[in-house]
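*Asks:* Predicted model follows, preceded by the sequence.
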Amino acid sequence: MASKPRTLYEKIWDQHVVDRLDDGTCLIYIDRHLVHEVTSPQAFEALRLAGRTVRRPDLTLAVPDHNLPTTKRIAADGSRLPIEDTQSAAQLAALECNAPSFGIDYIDATAPEQGIVHVVGPEQGFSLPGTTIVCGDSHTAAHGGIGALAFGIGTSEVEHVLATQTLQLRPSKTMEVRVDGMLGPGVTAKDLILHIIGIIGTAGGTGHVIEYRGRVFEEMSVEGRLTVCNMSIEGGARAGLIAPDERVFEYLRGRPYSPQGDDWDNAVTWWRSLATDEGAYFDKSVVIEAANVEPTVSWGTSPEDVVAVGGCVPSPDSFADPSKQDAVRKSLDYMGLAPGTPIEDIAVENIFIGSCTNSRIEDLRAAAEVLKGRKKAPNVRWAIVVPGSGLVKRQAEDEGLDRIFTDAGFEWREPGCSACLAMNPDKVPPGERCASTSNRNFVGRQGPGSRTHLVSPAMAAAAAVTGRLADVRNLAPCQDGAA
Amino acid sequence: MKAVSTIEGRAIPLGLKNVDTDVIIPAHWLKTVSREGLGAGAFETIRAAPGNPFDVEDFANAPILIAGDNFGCGSSREHAAWAMLDMGLTAVIAPSFSDIFAGNAFKNGILAVELPQDQVDRLLEIAKDQPITIDLENQVVTTPFQDRFEFQIDPFRKRCLLEGLDEIGLTLASESAIAAHEIMRRGTTPWLDKTNRRRSA
Ligand code: SF4
């Protein structure tokens, strides 16, 4: 078919248009809907009040993650331990009741598959290439790592998808982020995406869907791709995408919801046709040299406030835009940092390894490799590892990673969102710093008054060992970051 | 969604600029399972101050709020609109609104009326002891003193509000297109419909 070359985004979009309205809005079919406890109760309630049903419960999957405590869930006698916070308990109970009553598959808090929605989706093979995926959480962009058009939605939209399996949307513009060359040793997917956001800024992708292109991504693990796409929203883009390839197919093969038999072969053929055509047009293009990416750390209260670990806290005057100068002054004040301070002089009291950005098996392996045979520094008061799912946890335990973590002085927790947004009891105390593998360093994100430094899992481990933000390359035997 | 046509009654003269959604409903109220009851937390920090307009007896159950520039900025939480509805507000007048809030307000049947600052100032004065009227059909705000302030509204939103059409209702009118798409989809990507393995496993 001789047609205009299209991008991956355009191919997925075109495939899902149900109806086109006069003002350019499209009704878009949603293939996969992930539901968690925080943004869904009001949607279910509204359905009930309106006497509506869920159109496609079979395309919907519910799992609790945001509010769940990450401490033990089952007592020695096999009974379920109660959740102390009554409001969290009520939200969790609502999901546990709503999912089955609307016919939706529900992964219970105590099931081995339970975990953070964005870890569970790909891990279960529920998230597939070429699909549209939504969830009431802005980091849904993560699923773009397997080649799905995935984005976060609000509660009214959750209700809309439940009732109609569609959304009213306007097409986005397209943006290419091309990374040339390869990452150096000890530099990971997380460092790369922090670096990219530092360059494009938190509004750089606004109104666009980003496609990450270049050899770096082709040679990046699926876990790494999920990390990169996860933070697209931090660069202002509603979604991020990487073309699905053999690595993705291998990752998905045999997963519980993945296609089987002939379906599998047909699906793979289909998925291979999705990659952006030669000569397709992007509305915006950014080119980044991989060789310039160093292990990267955030110093402020916006994910664009990043610097290479060997650098210093910047001065507000070094920014041209007066409103940014003002924002930097405020954020340095909040962070308790003086301009010119070397990053490696910043001491941290807390370490959080977890969140949908960095809690997959590869992330835990990278951190454990640094921690092996070492202990956390005495000034590190609290260090926790929160695996992204029960399956990741079990895999890590099979590999003996949990012992490495606990020997180093870390707490080994049950899966959930945890200190990423501190909605459950895992919080960083006011005024204290945390080297965190999560995705947002907003004011109060990890607890009121908390000070977050975003880092990769290996860098979080290095911070644990040294008690300050430190260059992991000076610590551990070098690893191939892109593998 | 309840149809909106004419809103008449007392208007709370808040007048503040940059009222963000954290002010409308603080984060600790988000751990709720209902849209109802959030009125108790609405504008909590403002209400903590003695003499605030919300707690003036005349304004109890007032259907209208008058605010300053950039109303509803900040976090996208839809709870802001729910909290306002729950306290009985069905319209807000301000010189400007954040996009996200304006969308959430519309989705929940709250009429957001944009008027120039001088007209808002005049309404803030009058609202202290007089009711005001918003006529959506004719797109005009009037007062007992013969003021007539016309406002603009997107025709699609106007129709939805007047007829009480919610987005879901509108989409369900395209039911046959959705069903046709599902049949097409089953033909091209049949594997997407086979999702029951976990249950049967
Ligand atoms: S881990 Fe953090 S970012 Fe990810 S879904 Fe949970 S709260 Fe959202």
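*Replies:* Thanks, I have it. Nothing here was measured: the structure is a model prediction, and the numbers come from that model.

*Asks:* Spatially, what comes nearest to the residue in the stretch 51-200 of chain A that chain B sits nearest to if we skip its sequence neighbours?
*Replies:* Ranked by CB to the nearest CB, the top residue of the stretch 51-200 of chain A for proximity to chain B is A:Gln87, at 3.9 Å. Using the backbone N, CA and C atoms, a C-beta is placed for each residue, glycine as well. Distance criterion CB to CB, 6 or more residues apart in numbering or on different chains; nearest residue to A:Gln87, sequence neighbours excluded, is B:Lys31 at 3.9 Å.

*Asks:* got the domain boundaries for the chain?
*Replies:* Picked chain A for this. A:8-169, A:173-244+A:251-292, A:296-474 (automatic domain parsing).

*Asks:* ah, no, chain B please
*Replies:* Chain B breaks down by automatic domain parsing into domains covering B:6-164, B:166-195.

*Asks:* quick one: contacts of stretch B:131-149?
*Replies:* B:4-11, B:64, B:91, B:93, B:111, B:113, B:115, B:119, B:122-123, B:126, B:130, B:150-153, B:158, B:161-162 (CB atoms under 8 Å, 6 or more residues apart in numbering or on different chains).

*Asks:* Restricted to buried residues, select those residues in ChimeraX.
*Replies:* In ChimeraX, this line selects whichever of the contacts of stretch B:131-149 come out buried by 16 or more other CB atoms under 10 Å in any protein chain shown:
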select /B:4,7,9,10,11,64,91,93,111,113,115,119,122,123,126,151,153,158,161
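
*Asks:* Could you list which of the contacts of stretch B:131-149 also contact the ligand?
*Replies:* Checking the contacts of stretch B:131-149 against the ligand by CB under 6 Å from any ligand atom, not one of them is in range.

*Asks:* so what's the residue of chain B at minimum distance from the ligand closest to, chain neighbours aside?
*Replies:* Residue of chain B nearest the ligand, by CB to the nearest ligand atom: B:Leu30 (12.5 Å). When the adjacent residues along the chain are set aside, B:Leu30 lies closest to B:His79, with 5.8 Å between them (CB to CB, 6+ apart).

*Asks:* quick one: contacts for that neighbour?
*Replies:* By CB under 8 Å, 6+ apart, the neighbours of B:His79 are B:Thr21, B:Ile25, B:Trp29, B:Leu30, B:Thr32, B:Leu38.

*Asks:* before we move on, back to that, next, the residue of the stretch 51-200 of chain A closest to chain B: secondary structure please.
*Replies:* helix (DSSP: H, G, I helix; E, B strand; the rest coil).

*Asks:* So it sits against B:Thr32, correct?
*Replies:* Yes. Using CB atoms under 8 Å, A:Gln87 is in contact with B:Thr32, at 7.0 Å.

*Asks:* More neighbours: these two, which one.
*Replies:* More neighbours surround B:Thr32 than the other of A:Gln87 and B:Thr32, with 21 against 16 (other CB atoms under 10 Å in any protein chain shown).

*Asks:* wait, B:Phe97 sits on B:Glu114?
*Replies:* Yes. B:Phe97 is within contact range of B:Glu114, at 6.7 Å (criterion: CB under 8 Å).

*Asks:* neighbour-wise, which of these two wins?
*Replies:* Shown here are B:Phe97 and B:Glu114; by other CB under 10 Å, B:Phe97 has more neighbours (20 against 17).

*Asks:* Can you report phi and psi for residue 157?
*Replies:* This is for chain A. Backbone torsions for A:Glu157, taken as degrees, to the nearest 10, come to phi -70, psi -40.

*Asks:* try chain B instead
*Replies:* phi -60, psi -40.

*Asks:* So what's the residue count around the residue nearest to it when sequence neighbours are not counted?
*Replies:* Excluding its sequence neighbours, the residue lying closest to B:Arg157 (CB to CB, 6+ apart) is B:Phe106, at 5.3 Å. Number of residues near B:Phe106 (other CB under 10 Å) recorded here: 21.

*Asks:* what does chain B have sitting close to chain A?
*Replies:* Residues of chain B found near chain A (CB under 8 Å from any CB of the partner chain) are B:30-35, B:76, B:78, B:82, B:104, B:107-108, B:156, B:167-168, B:171-172, B:174, B:177-178, B:181-182, B:185, B:188-199, B:201.

*Asks:* Can you list which of the contacts of stretch B:131-149 are found in strands?
*Replies:* When these are checked against strands (DSSP state E), the matches are B:Thr6, B:Ile7, B:Glu8, B:Gly9, B:Ala11, B:Ile64, B:Ala91, B:Ile93, B:Leu111, B:Val113, B:Glu150.

*Asks:* what's the second one in contact with, if anything?
*Replies:* Meaning B:Ile7. B:Pro63, B:Ile64, B:Thr90, B:Ala91, B:Leu111, B:Thr133, B:Ile134, B:Leu136.

*Asks:* From B:Asn108, how far out is B:Ala3?
*Replies:* Applying CB to CB, to the nearest Å, the value for B:Ala3 to B:Asn108 is 13 Å.

*Asks:* okay, these two: which has more neighbours?
*Replies:* B:Asn108 (19 against 12).

*Asks:* Grab the nearest non-local neighbour of the more buried one.
*Replies:* B:Ala81 (4.3 Å).

*Asks:* Just the element for the one you found, please.
*Replies:* helix B:79-86 (DSSP states H and E).

*Asks:* That helix - what's its average pLDDT?
*Replies:* Averaging pLDDT along helix B:79-86 gives 95.

*Asks:* Give me the distance from the longest helix anywhere in chain B to the chain's centre.
*Replies:* Using DSSP state H to assign secondary structure, the helix with the most residues in chain B is helix B:175-188. Here helix B:175-188 is found 34 Å from its chain centre; the criterion is CA atoms, centre = their mean, to the nearest Å.
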